[in-house]
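Asks: okay, here's the prediction I keep looking at, along with the sequence it came from:
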Amino acid sequence: MSNFAKKRSHPEVLWAQRADKVYLTIALTNAKDIAVKCEPHGSFNFSAVGSNDESFDFSLELYGKILPESCKTQMGLRNILCTVQKEEKGWWKRLLKSEEKPAPYIKVDWNRWCDEDEEPDNGTDDDDLKYTNDDDGSGSDDGMLYLPDLEKARK
């Protein structure tokens, strides 16, 4: 096996953004010894021990500058949700500074995703930082998830 092949695996990282923050959801069940470090230039560092005493750690160079003192972490049973505050309000073109294709363990969080023109203008202040229900009622599904009109059409 070559020297550059690592035996260490990465947890899946799902991301989504708003104009003022980035959500990073790290899929790691029953994690312990969780450490998150954010640096102003956009460095996000994560480490934890998984349920089988396997160590996980990774670093991401985020697209823009961030406010480390405003970054928050919330632990759940199956994942860790990190809210990273952007230094300047605005939509990033991508998550990472690098223009290369992101690592395969980094994926879009479609449950939290919101397009720039769809962002609710209600000044959410981490009220969407919840594990319970991803649907806060602000989005419109336009009939994409279920087909209520189909039921009426059969009658």
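Replies: It's in.
Asks: who's in contact with the residue lying closest to Ala31 once chain neighbours are set aside?
Replies: When the adjacent residues along the chain are set aside, Ala31 lies closest to Ala48, with 4.3 Å between them (CB to CB, 6 or more residues apart in numbering). In this view, the C-beta of every residue, glycine as well, is placed from N, C-alpha and C. The contact partners of Ala48, by CB atoms under 8 Å, 6 or more residues apart in numbering, come to 26, 28, 31-35, 55-57, 80.
Asks: Ala48 bridge partners, please.
Replies: Phe56 (DSSP bridges).
Asks: please renumber the chain so that the first residue is 42 from this point on.
Replies: Okay, using 42 as the starting number, the last item reads as Ala89.
Asks: and the furthest pair within the contacts of Ala89?
Replies: Ser96 and Ile121 (14.7 Å; CB to CB).
Asks: which parts of the protein are strands?
Replies: Using DSSP state E, the strands of the chain run over 53-58, 62-68, 73-80, 84-90, 96-102, 113-116, 120-126, 147-149.
Asks: can you give me the neighbour number for the spatially closest residue to Trp132 that is not a sequence neighbour?
Replies: Leaving aside its sequence neighbours, Trp132 sits nearest to Glu157 (CB to CB, 6+ apart; 4.7 Å). If you count neighbours by other CB atoms under 10 Å, Glu157 ends up with 10.
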